[in-house]
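J.: one predicted model, sequence on top.
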Amino acid sequence: MTASRSVGGGSAERSRTGNGSASSPERSVAEAARTRPALPSLTGARWWAAFAVFLLHALVFLPVYPFQKSELFRQLHQVMPMQLGAAGVTFFFVLSGFIIYWSFRPGSSVRRFYWRRVLKIYPTHLVAAVAFVLVASVPLTRPVVWAPNLALVHTWVPKWSTVGGLNVPSWSLGAEMLFYLCFPLALPLVRRVRGERVLWVLAGLLVAIVALHTAYYLGAPGPKGIENAFAPRLVPGEASPFFELHASPAWFAQPDIPVAQSYWLSYIFPLSRLPEFFLGVLAARLVLEGRWRNTRLAPPLLALAVAYAATWVVPVNYKMSALLLAPMTAVVATLAARDLAGIRGVNASPRMVWFGNISFAFYLIQFPVMVLVTRLFIGGRQFGPVGWLGFAALCLVLSTAAAAAIYHWVDAPLMRRFAGRRTGEPARATRTPVRGISTPAAL
């Protein structure tokens with residue numbers, strides 16, 4: 001049979017067996033183009049990216065003294081620098097583009113698309129923000145502290161007092177909202193690219209991203225060295241403070257806290273991260289049209305490990321995402337191709353899919369949980385590495401439990417009740433469990 005035309009405007013590669021019937025790979029690609037089946041491996045993989053973010057946050061956002069001032073902490077932070085969490089962000093941005101394109105079928109309503117994205121993002125964001133306001137005692141008398149964050153416009157302002165004005169990890173939701181706004185507008189251009197040229201466009205986008213970060217490095221003020229100059233903000237004394245600085249009354253009282261311009265442009269500025277989303281969009285086209293055939297996960301993972309190691313020897317403008325994008329995109333495409341080929345690894349297990357489903361809430365609620373644990377158990381006392389490890393484990397358990405509650409009692413019910421069914425969505429028996437996927441923003 002002839003492969004069905006994909007949503008991207010191209011057709012899957014055609015191959016026939018000797019008796020004239022379509023081969024099994026072609027059938028899987030045609031089926032994917034028509035029904036958009038579940039991609040459980042991508043859902044499960046979300047948890048590992050969210051967990052990488054958690055490790056970085058636990059190291060930086062749990063003010064355990066004198067451990068954070070020790071040589072051991074410095075060595076640990078060299079092994080787990082900020083680009084550990086940033087790698088999780090990069091994965092989620094690319095994954096977001098992949099899943100959004102995968103789930104947006106011909107005939108889908110743009111208005112309903114926007115409504116579903118808002119419904120997916122804002123309720124969980126607001127729950128986490130309210131939790132942070134309560135546990136950090138945020139002064140509501142200063143709207144400049146919290147209003148931009150609630151509206152998810154805070155990352156457009158190059159000031160730490162705005163970017164970190166409330167629940168710090170929510171910074172990447174500002175980029176996500178830009179992604180969702182631009183997707184329907186750019187979709188006709190994406191569809192216009194001929195199938196055999198998609199890979200070339202993807203490669204060109206990678207080159208453009210490197211050029212953009214090079215421009216930031218050369219033209220914007222900020223650090224130019226290659227050292228991993230990321231560390232927690234420390235206060236005097238050997239006793240642990242009752243607040244990590246981003247959650248302290250002193251932080252919220254500041255009228256302005258500057259941020260290095262090159263860092264803000266490279267990592268936080270939403271427009272700088274927009275191309276990463278479209279890498280995922282193009283990768284989804286490659287998979288849907290049968291142009292991405294690799295199902296071996298080891299090669300892209302090895303390339304990702306090499307790229308991650310290389311972040312130690314490049315300036316900050318390249319550490320946070322630029323070096324990781326090509327192998328990260330290959331990992332996402334390969335995981336999807338494995339699902340279509342029926343290869344079920346650990347990420348596709350029901351338990352990992354559940355963890356992946358709660359990962360968005362897990363990402364957003366982890367900082368409020370860390371603030372609460374600091375106020376109740378850490379502040380005013382002294383702890384070494386064992387104490388930090390115990391509190392990190394406690395935060396992991398509490399964050400997972402809180403995320404599960406938010407997902408099952410807020411996110412999932414609201415999506416079922418108000419999101420509605422998309423045009424052309426298959427019946428419940430074939431509905432994909434990653435249908436409402438959205439990416440945890442991190443850091």
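T.: Yep, it's here.
J.: measure L265 to T214 for me?
T.: 12 Å (Cβ to Cβ, to the nearest Å). (C-beta placed from N, C-alpha, C; glycine too.)
J.: list the buried residues in stretch 369-383.
T.: 369-375, 378-379, 383 (16 or more other Cβ atoms under 10 Å).
J.: okay, and for the stretch 1-150 of the chain, where does confidence drop off?
T.: Counting by pLDDT under 70, the low-confidence segments of the stretch 1-150 of the chain come to 1-34.
J.: show me what contacts V210?
T.: Counting by Cβ atoms under 8 Å, 6 or more residues apart in numbering, V210 makes contact with 318, 322.
J.: name the element it belongs to?
T.: Per DSSP states H and E, V210 falls inside helix 198-219.
J.: ok now that helix, how far from the chain's centre?
T.: Offset of helix 198-219 from its chain centre (Cα atoms, centre = their mean, to the nearest Å): 20 Å.
J.: and that helix, average pLDDT?
T.: The pLDDT scores in helix 198-219 average 97.
J.: so after that helix, what's the next helix or strand?
T.: Once the chain leaves helix 198-219, the next helix or strand it forms, by DSSP H and E, is helix 249-253.
J.: thinking V64 is in contact with G380, fair?
T.: No - the criterion here is Cβ atoms under 8 Å, and V64 misses it with G380 at 12.0 Å.
J.: what sits in contact with each of the two?
T.: Common neighbours of V64 and G380 (Cβ under 8 Å, 6+ apart) are S240.
J.: OK, contacts around the nearest residue to V235 once chain neighbours are set aside?
T.: The spatially closest residue to V235, leaving aside those adjacent along the chain, is P241, at 5.4 Å (Cβ to Cβ, 6 or more residues apart in numbering). Contacts were defined as Cβ under 8 Å, 6+ apart; by that measure P241 touches 63, 65, 235, 248, 374, 379.
J.: nearest to H154 among those residues?
T.: Of all the contacts of P241, H154 sits closest to S248, with 18.1 Å by Cβ to Cβ.
J.: look up how far L178 lies from the closest one.
T.: Relative to L178, S248 is positioned 30 Å away (criterion: Cβ to Cβ).
J.: please apply the same query to G219.
T.: Using Cβ to Cβ, G219 is found at 22 Å from L178.
J.: try S321
T.: S321 is 15 Å from L178, by Cβ to Cβ.
J.: now swap in L202 and tell me
T.: According to Cβ to Cβ, L202 and L178 sit 20 Å apart.
J.: L166 too?
T.: Taken as Cβ to Cβ, the span from L166 to L178 is 19 Å.
J.: who has more neighbours, the two?
T.: Set side by side, L166 and L178 show more neighbours around L166, with 26 against 19, by other Cβ atoms under 10 Å.
J.: SS state for that one?
T.: At L166 the chain is in coil, as set by DSSP: H, G, I helix; E, B strand; the rest coil.
J.: not counting stretch 220-234 itself, show me its contacts.
T.: If you take Cβ under 8 Å, 6+ apart as the criterion, stretch 220-234 is touched by 59-61, 63, 68-69, 77-78, 81-83, 216-217, 244-246, 260-263, 265, 312-317, 319.
J.: next step: these restricted to helices.
T.: Counting by DSSP state H, the part of the contacts of stretch 220-234 found in helices is 59-61, 77-78, 82-83, 216-217, 261-263, 316-317, 319.
J.: most neighbours among these, which one?
T.: Neighbour max across these (other Cβ under 10 Å) = K319, 28 neighbours.
J.: how about that residue, what does it touch?
T.: The contact partners of K319, by Cβ under 8 Å, 6+ apart, come to 82-83, 86, 228, 311.
J.: rewinding a little: out of the buried residues of stretch 369-383, which is nearest to P350?
T.: When the buried residues of stretch 369-383 are compared against P350 (criterion: Cβ to Cβ), the nearest one is V369, at 25.4 Å.
J.: and the strand or helix carrying the closest one, what does it pack onto?
T.: V369 belongs to helix 350-373 when assigned by DSSP H and E. In terms of contacts (3 or more Cβ pairs under 8 Å, 6 or more residues apart in numbering; DSSP states H and E), helix 350-373 is packed against helix 40-61, helix 110-136, helix 385-406.
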